[in-house]
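>>> Quick one, what's the 3D model for this:
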Amino acid sequence: MKRTIIFLIFLTTTTHSFAENFVFNPKCILPLRHTESALQARLQAIRRAEKEIVMTYFEIGDGIKTQLVLNELILARRRGVDVKIITDWVVSKISPHYLQLFDENGIQIKFYNHPNLKNIFHLTQRNHQKYIVVDRDILLIGGRNLDDRYFENDKNVKGTFYDFDLVLKGTVATEAADYFFNFWNKGYRLSQKKVNMENIDSIDQELKLQKRTELNPKIDFTLLDCDKSEFNANLPNKEDEMHSDIENLYVQLIDQAQEEIVIENAYVTLNNRIHQALARAAVRINPFTGRRVSIDIISNSLISNDIPIVYASFSRNRKKLFKLGVHFYEFPFQQTLHSKMAIFDKKTAIVGSFNLDRRASNFNMEDIVTIKDPEAASNILTYLEETKKDSVFIKSNRVSAYFKIPIKLKLKNFFNKLILLRFLDRQL
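Take a look at the predicted model:
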């Protein structure tokens, strides 16, 4: 632990030089694609807090960059800001060290769905949400978990993730905070972890917390209230069933599209409803232009996908869509594409935690923000177009014609299609 603290002190006292030029919509959104801006936005939003911070993440790690965020939360609490956190019991890796620091400083943290014999049949249900709300006014939402693997810029680093977040202000942040407290107060499947360990060296603790990262570049939070944006999330009911409100919204937007749908999504297995909606859109003819709706789907390749069985399901379920003229682009890097967003007719954007798979629709707690603003949607679309340019256009499932795939991956994909999908397809 002391080695980690020493390294963290060195890291936090070093001035960072970040080269990102922000694409900024002065009306209502701040897109965060690059990892430096994503990390800085979290640090600076927390440092701005005066009254309240609520945060929920599927995964909270214990890496150096993650610790910078956790440190800011502790310092915010010390200046009187109320801090509450919800995370997933199974996936999160918060160290006992930080759990004790949270307890000593008055930060409340609850864990979702503690595995035990009473709920063994509901272990697949996880809290997959990812957002922060500061003072009920600033909302940071997207695909990133709070873990160092999501703050790596090099696309050739295996085991890391290429992602996307948004910052919004105003009413949509209030909606997200209201949802958080609804879940927090109901306490459904929420519990705390007990920490039994020796007292932390107070000197090391103070050194670690007082050394703070240089806030560079400065994030401009001068955003207007995006009055055409809406926060959506689902909660389990008493029967452990999920309301598919987000899926319903997705299907509705697909059905309403008249010109263009562009989707960038990490894990696409295309459940029946979304698959059918895309098939309908692919043959729909715009009465004014006489053209069919253009559909582009950007997702992981067999090389970049960190869950090979998901790719096996994806490649099998998209066969019909190939024939209908849907365009597929695959991310060709070692890094895993992890964002979850879509643009409809360059007018409406969706950004959040929702993957296009059955887990998102039927099992997990998810969140999205919907923005019905052409300027904001076009702004976000520029990031999808960049990813599309970096990806490989796939015209068939014969991916070996487009990628040099190691024989080991080919065999694993064949095994997944032949055997595992027969048993697990309904869970993907």
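>>> residue boundaries of the helices in the stretch 1-150 of the chain?
2-12, 35-48, 64-78, 96-105 (DSSP state H, counting those that start in this stretch).
>>> Which among those helices is found nearest to residue 129?
In terms of Cβ to Cβ, the element of these nearest to residue 129 is helix 35-48, at 15.5 Å. For glycine as for every other residue, the C-beta is placed from the backbone atoms N, C-alpha and C.
>>> Low-confidence regions, the stretch 1-150 of the chain specifically.
Within the stretch 1-150 of the chain, the stretches with pLDDT under 70 are 1-27, 117-123.
>>> Apply 90 and report the result again.
Low-confidence segments of the stretch 1-150 of the chain (pLDDT under 90): 1-28, 62, 89-97, 113-126.
>>> start to end distance for stretch 257-277?
End-to-end distance for stretch 257-277, by Cα to Cα, to the nearest Å: 10 Å.
>>> Same question for stretch 184-193.
16 Å.
>>> Please identify the buried residues of that stretch?
184, 189-190 (16 or more other Cβ atoms under 10 Å).
>>> do stretch 245-253 as well
246-247, 249-251, 253.
>>> could those residues be laid out in TSV, adding secondary structure, distance to residue 223 and pLDDT?
What follows is the buried residues of stretch 245-253, written out as TSV (DSSP: H, G, I helix; E, B strand; the rest coil; distance: Cβ to Cβ, whole Å; pLDDT from 0 to 100):
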residue	secondary structure	distance to residue 223	pLDDT
246	helix	24	92
247	helix	29	92
249	helix	23	94
250	helix	25	95
251	helix	30	95
253	helix	24	97
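>>> Out of those residues, which is nearest to residue 332?
After measuring these against residue 332 - Cβ to Cβ - the closest member comes out as residue 250, at 26.3 Å.
>>> Tell me who's in contact with the closest one.
Residues near residue 250 by Cβ atoms under 8 Å, 6 or more residues apart in numbering: 274, 277, 342, 350, 354, 356.
>>> what about it, distance to residue 366?
With distances taken as Cβ to Cβ, to the nearest Å, residue 250 is found 11 Å from residue 366.
>>> One more: residue 223?
For residue 223 relative to residue 366 (Cβ to Cβ), the value is 24 Å.
>>> ok so, going back, out of the buried residues of stretch 184-193, which one sits closest to residue 393?
residue 189 (42.9 Å).
>>> I am assuming the closest one contacts residue 110, so please confirm or correct that.
No - if you go by Cβ atoms under 8 Å, residue 189 and residue 110 don't touch, sitting 9.5 Å apart.
>>> How are the strands of the stretch 51-200 of the chain distributed by residue range?
52-57, 82-88, 108-112, 130-134, 138-142, 161-162, 165-169, 190-191 (DSSP state E, counting those that start in this stretch).
>>> Find the residue closest to residue 332 in space, skipping its chain neighbours.
residue 392 (5.1 Å; Cβ to Cβ, 6 or more residues apart in numbering).
>>> Verify the stated contact: the one you found with residue 333.
No - with contacts counted by Cβ under 8 Å, residue 392 stays clear of residue 333, the gap being 10.4 Å.
>>> Can you lay out the contacts of residue 250 as JSON lines showing distance to residue 83, neighbour count and secondary structure?
What follows is these, written out as JSON lines (distance: Cβ to Cβ, whole Å; neighbours: other Cβ atoms under 10 Å; DSSP: H, G, I helix; E, B strand; the rest coil):
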{"residue": "274", "distance to residue 83": "37", "neighbour count": "22", "secondary structure": "helix"}
{"residue": "277", "distance to residue 83": "40", "neighbour count": "20", "secondary structure": "helix"}
{"residue": "342", "distance to residue 83": "32", "neighbour count": "29", "secondary structure": "strand"}
{"residue": "350", "distance to residue 83": "29", "neighbour count": "23", "secondary structure": "strand"}
{"residue": "354", "distance to residue 83": "26", "neighbour count": "27", "secondary structure": "coil"}
{"residue": "356", "distance to residue 83": "33", "neighbour count": "24", "secondary structure": "strand"}
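>>> pLDDT and distance to residue 376 added to the residues you listed, as JSON lines?
Output for the contacts of residue 250, formatted as JSON lines (pLDDT from 0 to 100; distance: Cβ to Cβ, whole Å):
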{"residue": "274", "pLDDT": "93", "distance to residue 376": "23"}
{"residue": "277", "pLDDT": "96", "distance to residue 376": "23"}
{"residue": "342", "pLDDT": "98", "distance to residue 376": "13"}
{"residue": "350", "pLDDT": "97", "distance to residue 376": "12"}
{"residue": "354", "pLDDT": "96", "distance to residue 376": "18"}
{"residue": "356", "pLDDT": "94", "distance to residue 376": "22"}
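>>> related to what we said a few turns ago, quick one: common contacting residues for residue 250 and residue 366?
residue 354.
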